[in-house]
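> Here is a sequence with its predicted model. Questions after.
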Amino acid sequence: MERYLRNQSTISIENQKLLKQKTVVVVGCGGLGGHVIEQCARLGIGRIICYDSDVFDTSNLNRQRFSTEDVIGKSKAEIVKEELNRINSEIEVISYSKRLDLDCMDEVKDAHCIVDAVDRISTRLMLQQLAKQLNVPLISASIAGWYGQCTVVYPHDDTLSKIYPKDIEQGIETELGNPSFTPALLASIETAEVIKVLLNIPSNLRHQLLVVNLLHHEYTLIRL
């Protein structure tokens, strides 16, 4: 347990052993997902299943955790698996170079939670439906420029349906883009919520949306 020695004031040895037994599904290995996946691996979550159908390109170099010049054109999911094996060989990493959809139920049936790190609203809403069918929580975040938001959706909450309209595919990130610091921060918030879910620690982000404004350092909780 020496690997996790610096966790122990926050995560007890008993809880560290519990994390070893958990499975987390992370959908998206890019800006948000790459940071979430790395943090989950360093925290010792026993099984990480990740999905991403995309390959790294030059535009990813400004913010994505596993994006380097030598992996341009390579599968994000495959590179992430290779890197996680270097970070923590004690955990199991399963990666799929494809999109996760409702037909993939058997691949994620043992999940204890799902992390939304995607950029399409229709995919977010599908993940909410998938999490409901699996009866597990969904941790969802989105980012745009200086701004981000995060919420925790338990089965049957349907929180994302209150946030996102069905007739819009992408948000304001298409205009504002994303620098390096916003995904890193929101991914850290997502990871903290993952740990709370896995260790059964109550979260005040259930039924609430945390809105982060890094330009003016404003952090607002909106009741949903």
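Happy to help now that I have it.
> So what does the residue lying closest to I201 once chain neighbours are set aside look like in phi/psi?
Nearest residue to I201 in three dimensions, chain neighbours excluded: I195, at 7.4 Å (C-beta to C-beta, 6 or more residues apart in numbering). The way it works is simple: take the backbone N, C-alpha and C, and place the C-beta from them, glycine included. Torsion angles at I195 (phi, psi; degrees, to the nearest 10) stand at phi -60, psi -40.
> Let me know how buried I195 is, in neighbour terms.
For I195, the count of nearby residues is 22 (other C-beta atoms under 10 Å).
> next one: S122
14.
> mind checking the SS state of the residue most central in space within the chain?
Centroid-nearest residue in the chain, with C-alpha atoms, centre = their mean: V115, separated by 3.8 Å. Look at V115: counting by DSSP: H, G, I helix; E, B strand; the rest coil, its state is strand.
> Worst mean pLDDT across the helices and strands of the chain, which element?
helix 173-176 (a mean of 72; mean pLDDT, DSSP states H and E).
> on that earlier part again, leaving out the residues flanking it, which one is nearest to the residue nearest to the centre of the chain?
Closest to V115 by C-beta to C-beta, 6+ apart is V26, at 4.5 Å.
> Double-check the one you found against C40; I have them as touching.
Yes. Judged on C-beta atoms under 8 Å, V26 makes contact with C40 at a distance of 7.2 Å.
> tell me, what's touching the two both at once?
I48 (C-beta atoms under 8 Å, 6 or more residues apart in numbering).
> Show me which residues of the host helix or strand of V194 are buried.
Assigned by DSSP states H and E, V194 falls within helix 181-198. For helix 181-198, burial by neighbour count (16 or more other C-beta atoms under 10 Å) applies to 182-198.
> Also stretch 19-26?
19, 22-26.
> Kindly report the same for stretch 216-224.
Buried residues in stretch 216-224, counted by 16+ other C-beta under 10 Å: L224.
> Other residues contacting it?
151, 159, 162-163, 204-205, 207-213.
> would you list every one of the helices in the chain?
13-20, 31-43, 76-87, 105-108, 121-134, 159-163, 173-176, 181-198 (DSSP state H).
> now the angle between helix 13-20 and the longest one, please.
Which is helix 181-198. Interaxial angle, helix 181-198 versus helix 13-20 (axes from the mean of the first three to the mean of the last three C-alpha atoms, to 10 degrees): 110 degrees.
> quick one on the thing from earlier: so which of the helices of the chain gets nearest Y51?
Distance to Y51, taken as C-beta to C-beta, is lowest for helix 76-87 among those, at 6.7 Å.
> tell me the mean pLDDT for that closest one?
Here helix 76-87 scores 98 as its mean pLDDT.
> and that helix, which residues are buried?
Taking 16+ other C-beta under 10 Å as the criterion, helix 76-87 shows 76-81, 83-84 as buried.
> Mind picking the one among these that's closest to G177?
Closest to G177, out of all of the buried residues of helix 76-87 and judged by C-beta to C-beta, is K76, at 18.7 Å.
> how close does the residue nearest to L18 when sequence neighbours are not counted sit to H35?
Once flanking residues are discounted, L18 sits nearest to L199: 6.6 Å by C-beta to C-beta, 6+ apart. From L199 across to H35, the span is 20 Å (C-beta to C-beta, to the nearest Å).
> Run a quick neighbour tally on G148.
With other C-beta under 10 Å as criterion, G148 counts 25.
> Check the residue lying closest to it once chain neighbours are set aside and give its pLDDT.
Once flanking residues are discounted, G148 sits nearest to L186: 4.0 Å by C-beta to C-beta, 6+ apart. We have a pLDDT of 98 for L186.
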